[in-house]
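# Provide a 3D model corresponding to the input given below.
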Amino acid sequence: MKKITKAMIFAAGFGKRLVPLTEKTPKPLLQLNGKTLLENCILFLEDCGIKEIIINVHHLADQIIELINKNKFKSKIHISHEKEKILGTGGGLIHAKNNIKNFFQNGESFITINPDTLWNSNYISEFNILKDWHFKNKSAYFFLLLVPKKNSYEIREQGDFNLKYPTDDTDKGHVVTGIDGKQYDWMSEIGQVEKTKINNYIYTGLQIVRSIGLYDPRNINTGPGLDTIDFWTVNDNWEKLGHLNGYASKQKFYHVSNLEIFSNLKKEKIITY
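Residues are numbered from 1 along each chain as shown. Next up, the predicted model:
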């Protein structure tokens, strides 16, 4: 099985919904079960086989840099410091590409992930399903780990997306070409990401991305690249590319989204690292 060994963690945000906690502590350094959200995320990625990580920082960046320098993680960690302003998902990726030499390679797949989901080892088998399909589908540039709203600790009326599963086995669109050139049947667990009036799935914050050279807007088949593409948020990718794949996690979804949720999660016995 092909491997994914690189990841980028987005840790630059202000954590405005967790003020006043985040006035003096960056959101990724808030602690649950004796570990910071960032440490928990790094340990999860390492268990997924990740060897090299970029972490972007801005708000209270020195605290995050200090934590990384003090801890001996198995992975090699680079800091992408957005000193002047937060650059967002797309800007953060491009800034990291321009400043961390040889990290992003054309055609190489990597993970982007948010540290405010409480990742644990139960997600590893699901990540492996994502990875397997990602390499079986040459056109799967973005592959999202989603979760049904009913599995979310935080009650949400509206989700982010829906998943549409292929049903017609005679449709040639249900046979895909892998990056090895072989033909593969569509995996039954994999859906096509779509939006409707009532979206029943929430984005967990983890996606697999394949970077394919320069993006040419005249030819969508060239694939998205990190050099000129400027729509790297998940919603923008869906709106402008329109062919994202997704897998529905079976796990209970815990997301540190606001003060009330964080306070409640501190009382729960949640499996983390």
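
# which stretches of the stretch 151-273 of the chain form strands?
Taking DSSP state E, counting those that start in this stretch to define them, one finds strands in the stretch 151-273 of the chain at 162-164, 175-177, 183-185, 190-194, 201-210, 245-248.

# ok now do Phe104, which residues does it touch?
Applying C-beta atoms under 8 Å, 6 or more residues apart in numbering to Phe104 gives the contacts 6, 96-97, 110, 211, 226. The way it works is simple: take the backbone N, C-alpha and C, and place the C-beta from them, glycine included.

# Relative to His255, which of the strands of the stretch 151-273 of the chain is closest?
Closest approach to His255 among the strands of the stretch 151-273 of the chain (C-beta to C-beta): strand 201-210, 7.6 Å.

# Contacts for that closest one next, please.
Residues from elsewhere that reach strand 201-210 (C-beta under 8 Å, 6+ apart): 4, 107-114, 116-117, 123, 127, 130-131, 134, 140-149, 152, 156, 159-163, 223, 234, 246, 248-249, 253, 255.

# from the chain's centre, how far out does that strand sit?
Relative to its chain's centre, strand 201-210 lies at 4 Å (C-alpha atoms, centre = their mean, to the nearest Å).

# Please apply the same query to stretch 7-21.
For stretch 7-21, the distance to the chain centre is 15 Å (C-alpha atoms, centre = their mean).

# So which bits of that stretch are buried?
By neighbour count with 16 or more other C-beta atoms under 10 Å, stretch 7-21 contains the buried residues 7-13, 15, 17-18, 21.

# Quick check, Val175 in contact with Pro166.
No: with contact defined as C-beta atoms under 8 Å, Val175 does not count as touching Pro166 (10.1 Å).

# okay, and the common contacts of the two?
Residues within reach of Val175 and of Pro166 at once, by C-beta under 8 Å, 6+ apart, are Trp186.

# neighbour-wise, which of the two wins?
Shown here are Val175 and Pro166; by other C-beta atoms under 10 Å, Pro166 has more neighbours (15 against 11).

# Quick check: that one touching Asp185?
No: judged on C-beta under 8 Å, Pro166 makes no contact with Asp185 at a distance of 9.8 Å.

# Now do the shared contacts for those two.
Common neighbours of Pro166 and Asp185 (criterion: C-beta under 8 Å, 6+ apart): His174.

# Helices - which of the contacts of strand 201-210 land there?
Using DSSP state H, the subset of these located in helices is 127, 130-131, 134, 234.

# Report pLDDT for the closest residue to His255 other than its chain neighbours.
What sits nearest to His255 in space, not counting adjacent residues and going by C-beta to C-beta, 6 or more residues apart in numbering, is Thr117, at 5.3 Å. Model confidence at Thr117, expressed as pLDDT, equals 98.

# residue contacts, Thr117?
Contacts of Thr117 by C-beta under 8 Å, 6+ apart are 41, 204-206, 253-256.

# for this structure, which residue is closest to the average position?
With distances taken as C-alpha atoms, centre = their mean, Leu206 lies nearest the centre of the chain, 2.3 Å away.

# so what's it bridging to?
Ile113 (DSSP bridges).

# Touching, Lys136 and Gly178? I think so.
Yes: in this structure Lys136 lies within contact range of Gly178 using C-beta under 8 Å: 4.6 Å.

# Compare those two and say which is more crowded by neighbours.
Lys136 (21 against 16).

# For that one, give me its contacts.
By C-beta under 8 Å, 6+ apart, the contact list for Lys136 reads 176, 178, 184, 187.

# again, only using 7 Å
Lys136 makes contact with 176, 178, 184, according to C-beta atoms under 7 Å, 6 or more residues apart in numbering.
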